[in-house]
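1. What would the 3D arrangement of this be:
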Amino acid sequence: MVSPSPGTACDFPKPFSPLHYDLTIHPNLTTLDFTGVARIELDVHEDTSIVILHAKQMQISNVLLLSPEGVRPLQVLEYPHFHQLALLSDSVLTKGRKYEVQLEFAANLSDSYHGFYKSSYHTSSGEVRVRA
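-> Numbers count the residues shown, from 1 in each chain. As a prediction, this is how the structure comes out:
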């Protein structure tokens, strides 16, 4: 899942804070992976052209900035060591305004109990089924 970057009380870097998340996730219990779309509404506190998000072992695509001026693509830089993404805008996100970031993602279901993970159970007839 995509979440704010660690480091502050609200888990977002200082220039902005999240107002609302819309998250759609489509797990595939046959291939043990998932895809999804996240829309994050941001309240900008300081002018910035960079949005930092937390994402671990995910393929990120189709990253867009939705603003009153229209929809613009964002450049994505990945920092795997810190499990972060830097989303770069070609224009400044202005203090006092609200924006939305939309991105698509894909990943494997986790084998551990971190993130979106898979587990299994036995039915009353002894069949093993997978759940996410």
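2. Okay, now the unreliable bits of this structure?
-> 1-13 (pLDDT under 70).
3. switch the cut-off to 90
-> Low-confidence segments of the chain, defined by pLDDT under 90: 1-16, 68-69, 111-115.
4. chain center to stretch 96-112: distance?
-> 2 Å (C-alpha atoms, centre = their mean, to the nearest Å).
5. What are the phi and psi values at the residue nearest to residue 22 when sequence neighbours are not counted?
-> Distances taken as C-beta to C-beta, 6 or more residues apart in numbering place residue 39 nearest to residue 22, at 4.2 Å, with adjacent residues excluded. Just so you know, the C-beta spots here come from the backbone N, C-alpha and C atoms, and that holds for glycine as well. The phi/psi pair for residue 39 (degrees, to the nearest 10) reads phi -120, psi 120.
6. So what's the residue count around residue 39?
-> 15 (other C-beta atoms under 10 Å).
7. And for residue 48?
-> Neighbour tally, residue 48, other C-beta under 10 Å: 18.
8. ok, now the one 3 residues further on?
-> By other C-beta under 10 Å, 25 other residues sit near residue 51.
9. Quickly find the element holding it.
-> In this structure, residue 51 is located in strand 48-54 according to DSSP states H and E.
10. which other helices and strands contact that strand?
-> Applying 3 or more C-beta pairs under 8 Å, 6 or more residues apart in numbering; DSSP states H and E, one finds that strand 48-54 makes contact with strand 3-4, strand 84-93.
11. ok, what's across the strand from residue 70?
-> Residues in a beta bridge with residue 70, per DSSP bridges, are residue 67.
12. Show me the strands in the protein, by range?
-> For the chain, applying DSSP state E gives strands covering 3-4, 16-28, 33-44, 48-54, 59-67, 70-73, 75-79, 84-93, 98-108, 119-122, 128-131.
13. surely residue 75 meets residue 87?
-> Yes - the criterion here is C-beta atoms under 8 Å, and residue 75 meets it with residue 87 at 7.2 Å.
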